[in-house]
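Participant: My questions are about this predicted structure, shown below with the sequence.
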Amino acid sequence: MTFRLSAGMLLAFSVTCFAMLREEVTRSAARVNVLGDIAEAFRNGQLVMVFTCLFLAQAAIQVTQPTLVLYIDRLSDGRNSTLFSGVVYSIAGLGTVAGATFAARRNENGAGLDRLGHESLFLMGLLGSAAFSALQGVWVAIVPLAAFRLLLGAFNGILTVHGNVLAATAVSREFRGRAFGVMSGVLPFGSVTGPLIGGIVGEGLGLGSAFYASSLLFLVSGGVLAVFRRRPAAQRQAAG
């Protein structure tokens with residue numbers, strides 16, 4: 001039934017978009033060179049850093065996907081485990097909405113950016129996500145698990161907003177759309193890598209170990225950013 005419901009929602013959204021969305025398309029005289037755009041994107045050091053950090057963060061988010069439902073089923077002793085899984089799984093999305101909205105408003109208002117900057121806020125999002133990923137494996141109960149996933153989602157929203165800002169400011173306005181196109185091709189590899197790691201770790205070390213693997217990936221992402229920040233400004237725009 002869940003597959004049928006998902007298909008029905010996708011069909012409804014598709015029809016709604018087709019019926020209501022209108023746009024003016026301005027065709028460019030320039031020829032599209034996908035391989036050239038990818039090569040240019042990967043020659044930009046800051047862009048490569050953002051790609052790497054967001055790839056690792058995406059993998060970290062997805063690490064618990066294969067084991068979370070099983071983990072909750074064990075915590076609930078099989079009672080209402082499907083309902084609990086849906087609530088706990090989706091509450092991270094609610095946190096992401098709240099965190100991204102908060103970060104976007106701060107960005108528009110300039111609040112705190114003179115003191116911290118986008119890189120610092122990006123790092124804060126990564127470290128906060130790492131902390132609350134690990135805490136999910138410490139408190140073995142459904143309510144704390146849901147609370148920590150909510151906070152994980154909030155920090156993930158913060159890192160997503162500021163990661164996108166860093167990507168946008170790394171390139172010229174003319175190349176920005178193509179840069180985000182390349183980034184959209186990189187991130188799905190994180191969605192593939194994360195569940196594979198989670199499945200292997202969960203099978204070998206126990207279901208709760210996936211939370212620690214997720215935390216470790218966030219920390220590695222933060223380490224990549226920290227190393228990049230230590231590089232001289234001239235090297236930041238050099239080839240990654």
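Facilitator: Structure received. Residues are numbered from 1 along each chain as shown.
Participant: isn't residue 191 right up against residue 58?
Facilitator: Yes - applying CB atoms under 8 Å, one finds residue 191 in contact with residue 58, separated by 5.9 Å. From N, CA and C alone the C-beta is placed, and that goes for glycine too.
Participant: who's more crowded, the two?
Facilitator: Between residue 191 and residue 58, residue 58 has the larger neighbour count (other CB atoms under 10 Å), namely 23 against 14.
Participant: Could you find the closest non-adjacent residue to that one?
Facilitator: By the measure of CB to CB, 6 or more residues apart in numbering, the closest residue to residue 58 outside its immediate chain neighbours is residue 190, 3.0 Å from it.
Participant: got it, and residue 149?
Facilitator: Per CB to CB, 6+ apart, closest to residue 149 is residue 92, 4.4 Å.
Participant: burial measure for that neighbour, as a count.
Facilitator: The burial count for residue 92: 22, using other CB under 10 Å.
Participant: Tell me which other helices or strands the helix or strand hosting it touches.
Facilitator: When elements are assigned from DSSP states H and E, residue 92 belongs to helix 81-109. Using 3 or more CB pairs under 8 Å, 6 or more residues apart in numbering; DSSP states H and E, the elements in contact with helix 81-109 are helix 68-75, helix 118-135, helix 142-169.
Participant: and the angle from the first one to helix 81-109?
Facilitator: Translated: helix 68-75. Interaxial angle of helix 68-75 relative to helix 81-109 (axes from the mean of the first three to the mean of the last three CA atoms, to 10 degrees): 130 degrees.
Participant: and helix 68-75 with helix 142-169, angle?
Facilitator: 160 degrees.
Participant: So which elements touch helix 68-75?
Facilitator: Right, helix 68-75 is packed against helix 81-109, helix 142-169 by 3+ CB pairs under 8 Å, 6+ apart.
Participant: and the residue sitting nearest the centre point of the chain, what does it touch?
Facilitator: With distances taken as CA atoms, centre = their mean, residue 58 lies nearest the centre of the chain, 4.3 Å away. Counting by CB atoms under 8 Å, 6 or more residues apart in numbering, residue 58 touches 187, 190, 191, 194.
Participant: Nearest to residue 137 among those residues?
Facilitator: Closest approach between those and residue 137, by CB to CB: residue 194, at 15.9 Å.
Participant: Burial check on residue 122, number of neighbours?
Facilitator: Using other CB under 10 Å, residue 122 has 30 neighbouring residues.
Participant: what do you get for residue 172?
Facilitator: Residue 172: 7 neighbours (other CB under 10 Å).
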